[in-house]
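1. Here is a sequence together with a model predicted from it:
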Amino acid sequence: MLKEFKNFIMSGNVIDFAVAVILAGAVGLMVNGFVNDIVMPVVGHFAGGMDFANLKVILTEASGVEGEAGFVAENAIRWGAWINTIINLIIVGFVLFIIVKAYNKTKTPPAPPAPAGPTAEELLAEIRDSLKK
């Protein structure tokens, strides 16, 4: 059973999947940084200087001093952070679309099937006809 597991883990599909997961995490971090550090400041500038990450609806105000007994944290719906996440999703989807489109262009089209040769009956008919001449 251990040998079967080793063969499974070392197969190409598992290694390819592991590489894909690691690259997806790296691309996710890159896109997240792109959205938070480049896209959202531009969007905020054109939206009157607002920072979407700080937009929220406060349900319960924080009370007390953080770190002391009796502290109650703020309870809020952070809808601005959700907008950032949606923009992340759209950008990741677009990047993946571009990558898949480029990959599909690199694929070579399948070779056309070779023309079918004459059947045995056709060959025999040709031989018969040539012998008659």
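-> Received, thanks.
2. what about the residue nearest to the spatial centre of the chain, which SS state?
-> Ranked by distance to the mean C-alpha position of the chain (Cα atoms, centre = their mean), the top residue is L96 at 4.7 Å. Assigned by DSSP: H, G, I helix; E, B strand; the rest coil, the conformation of L96 is helix.
3. Going forward, count from 151.
-> Got it, the first residue is 151 from now on, which makes the last one we talked about L246.
4. Please report how far it lies from K257.
-> Distance of L246 to K257, computed by Cβ to Cβ, to the nearest Å: 17 Å. Every C-beta, even on glycine, is put in place using the N, C-alpha and C of the backbone.
5. Can you report phi and psi for N225?
-> Main-chain torsions, N225, degrees, to the nearest 10: phi -110, psi 120.
6. Would you confirm that it contacts S213?
-> No. Using Cβ atoms under 8 Å, N225 makes no contact with S213, being 10.8 Å away.
7. hang on, L209 in a strand?
-> Yes. Assigned with three-state DSSP, L209 falls within a strand.
8. give me the number of residues near the nearest residue to it once chain neighbours are set aside?
-> In space, and not counting its chain neighbours, L209 is closest to N225: 4.6 Å by Cβ to Cβ, 6 or more residues apart in numbering. Using other Cβ atoms under 10 Å, N225 has 10 other residues around it.
9. N225: what's it in contact with?
-> N225 makes contacts with 208-210, as judged by Cβ atoms under 8 Å, 6 or more residues apart in numbering.
10. ok, 10 Å please
-> For N225, the contacting residues are 208-212, by Cβ atoms under 10 Å, 6 or more residues apart in numbering.
11. For those, give me JSON lines that also has distance to I165 and pLDDT.
-> Listed next are the contacts of N225 as JSON lines, based on distance: Cβ to Cβ, whole Å; pLDDT from 0 to 100:
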{"residue": "I208", "distance to I165": "48", "pLDDT": "89"}
{"residue": "L209", "distance to I165": "47", "pLDDT": "90"}
{"residue": "T210", "distance to I165": "49", "pLDDT": "88"}
{"residue": "E211", "distance to I165": "52", "pLDDT": "88"}
{"residue": "A212", "distance to I165": "48", "pLDDT": "84"}
